[in-house]
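For reference, the sequence and a predicted model appear below.
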Amino acid sequence: MTAALRVALAGLGTVGGGVIRVLQQNRELITRRAGRPIEIVAVSARDRSKDRGVDISGFEWVDDTSALAACDADVVVELVGGADGPALALARATLAAGKGFVTANKAMLAHHGLELANAAEGAKVPLKFEAAVAGGIPVIKGLREGAAANAIDRVYGILNGTCNFILSKMEAEGRDFADVLAEAQALGYAESDPSFDIDGVDAAHKLSILSSVAFGMKPAFGDVAVSGIRDVIAADIAEAAALGYRVRLVGVAEAGASGLFQRVHAHLVPTHHPLAHVTGSTNAVVVDGNYVGRLLFQGAGAGDGPTASAVVADLIDIARGEFGPAYAMPVASLAEASPAPTGERRGRAYLRFTLADRVGVLAEIAAAMRDAGVSIESLIQRAAPEDGTALVVIVTHEAPESHVEAALERLRGSQSLAGEPFWMHILD
Ligand SMILES: NC(=O)C1=CN([C@@H]2O[C@H](COP(=O)(O)OP(=O)(O)OC[C@H]3O[C@@H](n4cnc5c(N)ncnc54)[C@H](O)[C@@H]3O)[C@@H](O)[C@H]2O)C=CC1
Ligand SMILES: N[C@@H](CC=O)C(=O)O
Ligand code: NA
């Protein structure tokens with residue numbers, strides 16, 4: 001049998017522990033599929049003595065994470081996290097040493113992916129990151145390989161397990177945001193700084209990677225318009241349900257006439273759409289290709305087993321000698337990112353206002369919408385007798401997003417509003 005693929009593993013937390021378990025428990029099967037054994041030879045993490053429920057006594061322990069690049073391994077797997085710091089130092093050192101690099105670190109890839117892809121290409125070694133986007137779902141492989149013959153018009157989906165877990169629990173159990181976030185953290189879904197999850201940043205990291213693979217463009221995280229789910233309240237979920245929608249954090253990348261729209265926002269998703277039925281930490285990605293048509297990738301987007309499954313799949317590809325450029329094409333062939341102004345995009349919108357109890361408040365809102373050129377499709381008003389305010393929810397007809405924003409701008413500071421208005425896109 002061919003010599004084993006020797007792996008150095010940095011990070012022994014949720015995903016790192018999972019990788020050790022998958023490699024140990026599926027050892028025989030993986031060896032047959034890879035054509036040779038895949039063996040961890042060295043590990044590094046912050047705390048050597050911590051009980052992780054996996055036996056690491058057979059591996060060399062390396063205190064300084066970046067020193068793993070110099071150990072006797074063919075590939076380094078980075079599962080530490082963080083856009084910069086030890087993860088980036090290790091990535092640079094590994095590729096400079098002419099070794100393959102596998103990572104689940106979407107934050108680092110969103111900020112430094114191009115540099116790392118360049119370095120990997122220069123050294124003719126693999127840079128692989130299936131686990132970084134939608135956890136266990138083989139969406140990078142699906143796009144790079146399965147859909148490689150297609151021009152992609154749009155790629156979009158649910159890219160953050162923590163937010164989806166929170167939104168679907170709020171919806172099903174009427175629970176509070178903070179409560180559910182703590183549960184997602186306990187289950188190992190959330191980032192070490194959970195604001196990355198709930199403010200949409202993690203999904204934006206993933207979207208920027210996905211866009212590069214789908215559209216053959218240099219990754220441009222800065223071009224992604226981002227907001228999260230912090231401002232979604234129970235009433236939005238209830239009103240959306242009454243209107244035939246569910247609330248989901250959706251990332252969308254779409255080729256338009258003037259460039260690529262990339263954004264991550266809470267959306268209203270029609271209940272007949274497959275994304276409306278994605279619950280818990282599950283992720284789902286829809287790809288529209290010009291020959292294959294619509295593809296739907298769905299599965300576990302977070303958690304130890306699924307994420308480790310994607311990391312080990314990358315290692316199996318490397319063991320087989322099957323790898324190409326990090327993105328779907330060599331770095332020199334990637335186009336410059338060309339962001340389209342998001343305000344130009346047309347769509348329907350959901351707007352929520354809390355109104356003070358005054359004569360003429362509805363007329364004021366209707367006038368602001370009319371003056372901004374946004375027409376109203378439906379309107380719900382619910383009085384809150386306890387404090388005299390009223391909740392008003394409006395669904396608009398299709399309009400440029402800049403017009404919706406202009407309508408809200410006209411109302412800014414109005415005495416008729418008892419709170420900040422909030423709006424969401426409606427997925428078409
Ligand atoms: N948890 C999940 O479901 C998923 C996580 N990821 C990504 O995988 C990576 C790892 O995530 P988790 O395993 O959840 O994190 P974790 O917090 O459970 O584990 C991190 C590991 O890195 C080590 N570490 C942290 N800082 C270090 C430092 N300065 N020097 C040396 N070691 C250090 C810790 O000791 C720990 O062993 C991150 O990039 C994360 O974004 C990707 C997909 C899913
Ligand atoms: N925090 C992330 C983990 C996987 O990428 C998420 O919740 O999706
Ligand atoms: Na994946």
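Looks like it came in fine. Just so you know, these numbers come straight off a predicted model, no measurement behind them. Numbering: from 1, shown residues only. Ligands and ions are numbered 1, 2, ... in the order given.

Count residues in the vicinity of residue 87, would you?
Residues lying near residue 87 (other CB atoms under 10 Å) number 23. Quick note: C-beta positions are derived from backbone N, CA and C, even for glycine.

ok, and it, which helix or strand is that part of?
Assessed by DSSP states H and E, residue 87 sits inside helix 85-96.

ok, is that helix in contact with ligand 1 or not?
Yes. Counting by CB under 6 Å from any ligand atom, ligand 1 has neighbours in helix 85-96: residue 86.

Give me the buried positions along that helix.
Residues of helix 85-96 classed as buried under the neighbour-count rule (16 or more other CB atoms under 10 Å) are 86, 87, 88, 90, 91, 92, 93, 94, 95.

ok, now stretch 9-27?
Within stretch 9-27, the residues that count as buried by 16+ other CB under 10 Å are 9-23.

now swap in stretch 115-133 and tell me
116-121, 123, 125-133.

Strands - which of the residues you listed land there?
Counting by DSSP state E, these place 127, 128 in strands.

what's stretch 75-86 in contact with?
Contact with stretch 75-86 is made by 5-13, 15-16, 19, 45, 65-66, 68-69, 87-88, 90-91, 94, 99-105, 107-108, 110-112, 126, 191-192, 311, 315, 318, as judged by CB atoms under 8 Å, 6 or more residues apart in numbering.

likewise stretch 399-407?
With contacts defined as CB under 8 Å, 6+ apart, stretch 399-407 is touched by 341-349, 351, 368-369, 371-375, 396, 423, 425.

Which among the residues you listed count as buried?
Buried among the contacts of stretch 399-407 (16+ other CB under 10 Å): 342, 345, 347-349, 351, 368-369, 372, 374, 396, 423, 425.

And those, which is closest to residue 359?
residue 368 (16.6 Å; CB to CB).

what kind of secondary structure is that closest one in?
What DSSP: H, G, I helix; E, B strand; the rest coil gives for residue 368 is helix.

do the same with residue 380
strand.

What separation do you get for residue 355 and residue 49?
Separation of residue 355 from residue 49 (CB to CB, to the nearest Å): 59 Å.

Those two: which has the busier surroundings?
Neighbours were counted for residue 355 and for residue 49 using other CB under 10 Å; residue 355 has more, 23 against 4.

Thought residue 387 was touching the more buried one, still the case?
No. Checked against CB atoms under 8 Å, the pair residue 355 and residue 387 is beyond contact range at 11.3 Å.

Contact partners for residue 195?
Residue 195 neighbours (CB under 8 Å, 6+ apart): residue 201.

Next one: it, what pLDDT does it get?
Residue 195 carries a pLDDT value of 96.

how about the nearest residue to residue 408, chain neighbours excluded?
The spatially closest residue to residue 408, leaving aside those adjacent along the chain, is residue 421, at 5.4 Å (CB to CB, 6 or more residues apart in numbering).

could you check the distance from residue 32 over to residue 19?
Using CB to CB, we find residue 32 at a distance of 19 Å from residue 19.

One more: residue 393?
Counting by CB to CB, the gap from residue 393 to residue 19 is 46 Å.

can you check residue 228 too?
Taken as CB to CB, the span from residue 228 to residue 19 is 29 Å.

next one: residue 413
Taking CB to CB, one finds residue 413 at 53 Å from residue 19.

ditto for residue 406
Applying CB to CB to residue 406 and residue 19 gives a distance of 50 Å.

same thing with residue 189?
Using CB to CB, we find residue 189 at a distance of 17 Å from residue 19.

swap in residue 109?
As for residue 109, its distance to residue 19 is 18 Å (criterion: CB to CB).

do residue 276 as well
Distance from residue 276 to residue 19, by CB to CB: 33 Å.

I figured the residue nearest to residue 408 hits residue 413, correct?
No. At 11.4 Å, residue 421 and residue 413 do not qualify as touching, with contact defined as CB under 8 Å.

quick one, which of these two is more surrounded?
Between residue 421 and residue 413, residue 421 has the larger neighbour count (other CB under 10 Å), namely 19 against 7.

what's that one in contact with, if anything?
For residue 421, the contacting residues are 351, 352, 353, 408, 411, by CB under 8 Å, 6+ apart.

Which pLDDT value belongs to the closest residue to residue 45 other than its chain neighbours?
Of all residues not flanking residue 45 in the chain, residue 12 sits nearest, at 4.1 Å (CB to CB, 6+ apart). Note for residue 12: predicted pLDDT of 98.

so where do the strands sit in the stretch 201-350 of the chain?
225-226, 245-256, 259-270, 282-289, 293-300, 346-355 (DSSP state E, counting those that start in this stretch).

Dump these to JSON lines, plus mean pLDDT and distance to ligand 3.
Output for the strands of the stretch 201-350 of the chain, formatted as JSON lines (pLDDT from 0 to 100; distance: least, CB to the ion, whole Å):
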{"stretch": "strand 225-226", "mean pLDDT": "96", "distance to ligand 3": "20"}
{"stretch": "strand 245-256", "mean pLDDT": "95", "distance to ligand 3": "14"}
{"stretch": "strand 259-270", "mean pLDDT": "96", "distance to ligand 3": "17"}
{"stretch": "strand 282-289", "mean pLDDT": "97", "distance to ligand 3": "8"}
{"stretch": "strand 293-300", "mean pLDDT": "97", "distance to ligand 3": "8"}
{"stretch": "strand 346-355", "mean pLDDT": "95", "distance to ligand 3": "28"}
